[in-house]
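In: When you get a sec, could you give me coordinates for this:
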Amino acid sequence: MTETEMDEKNFNYSLEFTVRDYECDLQGVVNNANYQHYLEHARHEYLISKGIGFVKLHDEGIDLIVTKVEIEYKYPLRSRDKFIVCINIQQEGNVRLVFIQDIYRVPDNKLIVRAKVTGAATRNGRPIAPPSIITDLLKLK
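Out: Here you go, the predicted structure:
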C-alpha cells in the first residue's frame, strides 16, 4: 500500500467527514488545529461503537486522557472536501494506549494526515492499566 492508497481492511474503524467552510483559514485550507478535532471525534466514535462511554468510565472513577499527539501533515484539505479518518489501536507497555490514525481524502484516497495519539487510563490522576472493558472490547489482550 503506497501513501496515496487506503485499504480500510487494514484499520479497525473508519469515519467519514466533510470539511466545513469555517474550518478553513485565509489560505482556503483546513486550519491545522481542526485536524486534531477530526482525530478526536473519530476516536470517541470508535470507542462508543465498542460500547465504551466516557461518562460511564468517569462515573466509575476512570478517565481516559491524551498524553501525546504526533501529527504529520501530508496534504491540505479544502472546503467541502470529503475525507475519512481511519483508526488502529494498540497497547504499548502496561498503561499506554496508542491510536494510529490516518486521514484520507475521498474519493481519490490521497493521504492527508498521519497521526499517532498516545493516551492512558487514570484513576485519581494516576495512570492505571487499561480497564478490562477496553482491553476486552478492543481485543488488546
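In: can you pull out the strands in this structure?
Out: Applying DSSP state E to the chain gives strands spanning 13-18, 62-73, 82-92, 96-106, 111-123, 126-128.
In: In CSV: the ones you listed, plus mean pLDDT and distance to Ala33.
Out: Placement of C-beta: from N, CA and C, glycine included. Putting the strands of the chain into CSV (pLDDT from 0 to 100; distance: least, Cβ to Cβ, whole Å) gives the following:
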stretch, mean pLDDT, distance to Ala33
strand 13-18, 97, 15
strand 62-73, 97, 10
strand 82-92, 95, 15
strand 96-106, 97, 14
strand 111-123, 97, 12
strand 126-128, 95, 27
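In: Single out the most deeply packed of those.
Out: With neighbours defined by mean count of other Cβ atoms under 10 Å, none of these is more surrounded on average than strand 96-106, at a mean of 21.
In: in its sheet, what does that strand sit against?
Out: The strands beside strand 96-106 in its sheet (DSSP bridges) come out as strand 82-92 (antiparallel), strand 111-123 (antiparallel).
In: Of those strands, which is nearest Phe54?
Out: Ranking those by proximity to Phe54 (Cβ to Cβ) places strand 111-123 first, at 11.2 Å.
In: what bridges to the nearest residue to Phe11 once chain neighbours are set aside?
Out: With Cβ to Cβ, 6 or more residues apart in numbering as the measure, Cys86 is the residue that lies nearest to Phe11, at 3.9 Å, once sequence neighbours are left out. Cys86 has these beta-bridge partners by DSSP bridges: Ser14, Asp102.
In: Am I right that Cys86 is in contact with Asn109?
Out: No: counting by Cβ atoms under 8 Å, Cys86 does not reach Asn109; the two are 10.4 Å apart.
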